[in-house]
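> Got a predicted structure plus its sequence, pasted below:
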2 protein chains.
Amino acid sequence: MQDEALDEVYYFLMERVIRKAREITKQQFAAYGNPVTVDQWILLKKIAEREGVSQKEVSDKTFKEPAAVTRTLDILDKKGFVSRQNAQGDRRKYHLYLTEAGRAVYNQLLPTVIAIRQAGIDDLSGDERASLKTVLKKMYSNLETY
Amino acid sequence: MQDEALDEVYYFLMERVIRKAREITKQQFAAYGNPVTVDQWILLKKIAEREGVSQKEVSDKTFKEPAAVTRTLDILDKKGFVSRQNAQGDRRKYHLYLTEAGRAVYNQLLPTVIAIRQAGIDDLSGDERASLKTVLKKMYSNLETY
DNA sequence: TTATTATAATTGATATATCAATTATATACA
DNA sequence: TGTATATAATTGATATATCAATTATAATAA
């Protein structure tokens, strides 16, 4: 176990895939003049997919700390890509929206992101895809109950 | 595609597993008084597995930037867990070694880390494990040639 | 040999992540 | 009702990551 080759370790293999996808995404964004970083993109996308989400929700779904969300949103706000609007029912909360400029950036970058995601799984069979999902979900639930 | 549920996206599922494993590891290290952070552990482990490695090698294998490796090693050095020794043949390089204290920390934490890693894959069948490896390697190579 | 190019590690500047504490508000309950 | 507890977001302090530039040395080529 201790001598197992590094590239046989599942976590290593996963991390390698994620890092590579991130790296490529960053490169591709550069071609559009880096309107956002990859981390900013993740928030932008989450807001685009459900306008009006709260920061808490974004934090939960992206695994980013609330503090990180606050600060990244500050940047996206300063760039003019998102707006925070107080929730009427609960004055602690904000509803998050894309501005027109934010929506434009989202629409511009999304095809690129989808293409990268697709490229990664392009040659996987249906069985392989199904197994991957199942296994990743199992692993998570195994760890969750550790 | 755009409306695909978040938890159906492979990258999301992978990141979730990795984050959870990290989180648990951090918790477990706390029980030992946090001798190292998870990032420091990764370097410690790499050195333990091949005493004398260069920083470049560590950087390559852990995906950490050379700059990050330098600074994390500074911390591990300050803590008295690693030592850098000039390579005789090439004076740009350092060979990295664990100190006695570093080795002790490594031996103390390794079983915990192995247990966590094992817990994640415990109930996976042989086929599932094989498929996972195959698929993760495929994905990486797909992305690599993007 | 000398000049050019490549490599290993470091440093500085900046960005982002993490953790704990804080503020404002909401919810639960005595 | 008032009081305690929980929640959403923020802030400050610190750690770590990232990127570009720099230093020292090595390898290559003229």
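Nice, thanks for sending it over.

> Can you pull the poorly scored residue ranges out of chain A?
Scanning chain A for pLDDT under 70 picks out A:1-8.

> residue boundaries of the strands in chain A?
All strands of chain A, identified by DSSP state E, fall at A:82-86, A:94-98.

> chain center to the last one: distance?
Meaning strand A:94-98. Distance of strand A:94-98 from the chain centroid (CA atoms, centre = their mean, to the nearest Å) equals 17 Å.

> same question, stretch A:55-68
Per CA atoms, centre = their mean, the centroid offset for stretch A:55-68 relative to its chain is 11 Å.

> out of the strands of chain A, nearest to DNA strand D?
Minimum separation from DNA strand D across those (CB to the nearest atom of the strand) falls at strand A:94-98, 4.3 Å. Just so you know, the C-beta spots here come from the backbone N, C-alpha and C atoms, and that holds for glycine as well.

> So residue A:123 is in contact with residue B:138, correct?
Yes - here residue A:123 lies in contact with residue B:138, judged by CB atoms under 8 Å, at a distance of 6.5 Å.

> Tell me which of these two has more neighbours.
Set residue A:123 next to residue B:138 and count neighbours by other CB atoms under 10 Å in any protein chain shown: residue B:138 wins out with 17 against 11.

> Against chain B, how distant is the most centrally placed residue in chain A?
By CA atoms, centre = their mean, chain A has its centre lying nearest to residue A:42, at 3.7 Å. The gap separating residue A:42 from chain B is 10 Å, by CB to the nearest CB, to the nearest Å.

> cool, and residue A:59?
Residue A:59 is 13 Å from chain B, by CB to the nearest CB.

> Can you give me every residue that contacts that residue?
Going by CB atoms under 8 Å, 6 or more residues apart in numbering or on different chains, residue A:59 touches A:65, A:66, A:68, A:69.
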